[in-house]
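Asks: Generate coordinates for the sequence data below:
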Amino acid sequence: MCGIVGYVGSREATEVLLVGLRRLEYRGYDSSGVATIGPDGELAVRKTAGRIDRLEALLSKNPARGRVGIGHTRWATHAHLAT
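Replies: Next up is the predicted model:
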């Protein structure tokens, strides 16, 4: 089961995306990530294996700023992600 959430608005996208990803938390997955477009037009991508807590920790150390973004959870049935 995979899930995708998106946001375009006036708030920091990662805050909204993490709320959306948490709503998908119990649907089964092995990785999650976000991608945002920053104020300078640069694409910022952050992804990690494991639960959303790990993605949140990654974002606290290495933020992905922007007001446009997409987030995903992924359930890989055929591949193993390195941590």
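
Asks: which element is the closest residue to residue 73 other than its chain neighbours on?
Replies: Leaving out its chain neighbours, the residue that sits closest to residue 73 by CB to CB, 6 or more residues apart in numbering is residue 29, at 3.9 Å. No exception for glycine: its C-beta is placed from N, CA and C like everyone else's. Assigned by DSSP states H and E, residue 29 belongs to neither a helix nor a strand.

Asks: Would you agree residue 29 is in contact with residue 55?
Replies: No. With contacts counted by CB atoms under 8 Å, residue 29 stays clear of residue 55, the gap being 10.8 Å.

Asks: before we move on, the earlier item: show me what contacts the residue nearest to residue 73?
Replies: For residue 29, the contacting residues are 1, 2, 3, 73, 74, 75, by CB atoms under 8 Å, 6 or more residues apart in numbering.

Asks: Which of these scores worst on pLDDT?
Replies: Note: of these, the lowest pLDDT belongs to residue 1, at 60.

Asks: Helices of the chain, start to end?
Replies: Counting by DSSP state H, the segments of the chain that form helices are 13-23, 52-61.
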